[in-house]
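A.B. asks: sequence first, predicted coordinates after that:
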Amino acid sequence: MGDTLRRAAFAGSWYPLTASAIAAEVDRYLEAAGPVAVAGRLVGLVSPHAGLHYSGPVAAYGYSLLRGREPVSVVLVGPSHRAAFEGVALHARGAWETPLGCAAIDEELAQALLAAAPVVFDDPGPHRDEHSLEMQLPFLQRVMPGLRIVPLLMGTQARDEVDALAVALAKAAAARNVLLVASSDLSHYQPAAVASRLDAEVIEDVRGLAAEALMHRLETRDNVACGGGPMVAVLKAACALGADHASVLRYADSGDVGERDKTHVVGYLAAALLAAS
């Protein structure tokens, strides 16, 4: 498949190397989250993307909502941490491979996104060494075997880029069975008390579907959320697709696991974007 098959870049480091170990860890987090109940039709999720040991216990609250559901096409929108570019890089053909198997790309939906906005361009290159979308796959492949994905990476996350992507997402997803996922961690490397205060502001923006308030926060402050642009784009697109409320499912920080170092933490949020009907 050449460059149409994206090989796993973080298996064995950010998450386990074998299918059995991935399944065991993901299932443990899902079991700890328990059944998660929300009111309404699920349109989108906000999900963190750190190493599975750190963000997995939070991500599980969002992905628990997908257990037992029929497979859908999941549009994954994340930030580019390593490659610098303008616009939104789409991996438009082929599949993504992890130890759990291959997640096929919804090529028809990908083409619809390319046609919907010039800001979206077909380039698998920026995806090769990026973790923000790959870290969603252990949960997605475990809870929804047979799903198809559309991977999108944002370059600058500037307002015009965010707004153009939001319009494209809403246009391409209309009348399709699609779930939008914004991949983002929140504040980085603050003391836990500071992080909690900063992150609470972002969480309230998400809870209120206040995309413009969040965009303004991103433009006027540093260290708000590494995937703030993806969050705003998904919030706007979800509202255009009928979302009228959000449910904050879980918040925690990196100091809640591992060595429990609360001196410099990363914040993690799981939230559901929902439509009343």
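C.D. replies: On my side now, so go ahead.

A.B. asks: how about residue 219, nearest residue that isn't a chain neighbour?
C.D. replies: Sequence neighbours aside, residue 159 is the residue nearest to residue 219 in space, at 7.0 Å (criterion: C-beta to C-beta, 6 or more residues apart in numbering). For glycine as for every other residue, the C-beta is placed from the backbone atoms N, C-alpha and C.

A.B. asks: which residues of the stretch 151-277 of the chain fall in helices?
C.D. replies: Along the stretch 151-277 of the chain, counting by DSSP state H, counting those that start in this stretch, helices occupy 159-173, 192-207, 211-220, 228-240.

A.B. asks: tell me which of the ones you listed sits most buried.
C.D. replies: Per residue and on average, the most neighbours among those fall to helix 228-240, with a mean of 27 (mean count of other C-beta atoms under 10 Å).

A.B. asks: now do the strands in this structure.
C.D. replies: Assigned by DSSP state E, the chain shows strands spanning 5-6, 41-47, 73-79, 88-90, 95-98, 101-105, 120-122, 148-154, 178-183, 188-190, 245-253, 265-275.

A.B. asks: residue 228 is nearest to which of the ones you listed?
C.D. replies: The minimum distance between residue 228 and the strands of the chain falls on strand 73-79, with 8.0 Å, by C-beta to C-beta.

A.B. asks: which intervals of the stretch 1-150 of the chain have sub-threshold pLDDT?
C.D. replies: Within the stretch 1-150 of the chain, the stretches with pLDDT under 70 are 1-2.

A.B. asks: can you report how many residues neighbour residue 222?
C.D. replies: 7 (other C-beta atoms under 10 Å).

A.B. asks: buried residues in stretch 261-273?
C.D. replies: Residues 265-273 are the ones in stretch 261-273 that count as buried (16 or more other C-beta atoms under 10 Å).

A.B. asks: before we move on, back to that, pLDDT value on the residue nearest to residue 219, please?
C.D. replies: As summarised for this prediction, residue 159 has a pLDDT of 97.

A.B. asks: I'd like the distance between it and residue 256.
C.D. replies: 33 Å (C-beta to C-beta, to the nearest Å).

A.B. asks: thought residue 241 was touching residue 275?
C.D. replies: Yes - Residue 241 is in contact with residue 275 according to C-beta atoms under 8 Å; the separation is 7.4 Å.

A.B. asks: out of those two, which sits in the busier spot?
C.D. replies: For the pair residue 241 and residue 275, the greater number of neighbours falls to residue 241 (21 against 16), based on other C-beta under 10 Å.

A.B. asks: show me what contacts the more buried one?
C.D. replies: Applying C-beta atoms under 8 Å, 6 or more residues apart in numbering to residue 241 gives the contacts 43, 170, 173-174, 180, 275.

A.B. asks: could you find the closest non-adjacent residue to the residue nearest the centre of the chain?
C.D. replies: For the chain, the residue nearest the mean C-alpha position is residue 183 (2.4 Å; C-alpha atoms, centre = their mean). Nearest residue to residue 183 in three dimensions, chain neighbours excluded: residue 78, at 3.7 Å (C-beta to C-beta, 6+ apart).

A.B. asks: could you do residue 210 as well?
C.D. replies: Among residues not flanking residue 210 along the chain, residue 204 sits closest, at 7.5 Å (C-beta to C-beta, 6+ apart).

A.B. asks: got a list of what residue 8 touches?
C.D. replies: Applying C-beta under 8 Å, 6+ apart to residue 8 gives the contacts 96-99, 134.

A.B. asks: mind redoing it with 10 Å?
C.D. replies: 14-15, 17, 96-100, 134, 137-138 (C-beta atoms under 10 Å, 6 or more residues apart in numbering).

A.B. asks: just the C-alpha atoms of stretch 233-246, please, in PDB.
C.D. replies: Presented in PDB, the C-alpha positions along stretch 233-246 are these (Å, rounded to 0.1, in the frame of the first residue of the first chain):
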ATOM      1  CA  ALA A 233     -13.300  23.400  14.900                       C
ATOM      2  CA  VAL A 234     -15.100  20.300  16.200                       C
ATOM      3  CA  LEU A 235     -17.300  22.400  18.600                       C
ATOM      4  CA  LYS A 236     -18.400  24.600  15.700                       C
ATOM      5  CA  ALA A 237     -19.000  21.700  13.300                       C
ATOM      6  CA  ALA A 238     -20.900  19.700  16.000                       C
ATOM      7  CA  CYS A 239     -23.200  22.700  16.600                       C
ATOM      8  CA  ALA A 240     -23.800  23.000  12.900                       C
ATOM      9  CA  LEU A 241     -24.700  19.300  12.900                       C
ATOM     10  CA  GLY A 242     -27.300  19.700  15.700                       C
ATOM     11  CA  ALA A 243     -25.300  19.600  18.900                       C
ATOM     12  CA  ASP A 244     -27.000  21.800  21.500                       C
ATOM     13  CA  HIS A 245     -25.400  20.700  24.800                       C
ATOM     14  CA  ALA A 246     -22.200  19.100  26.100                       C
END
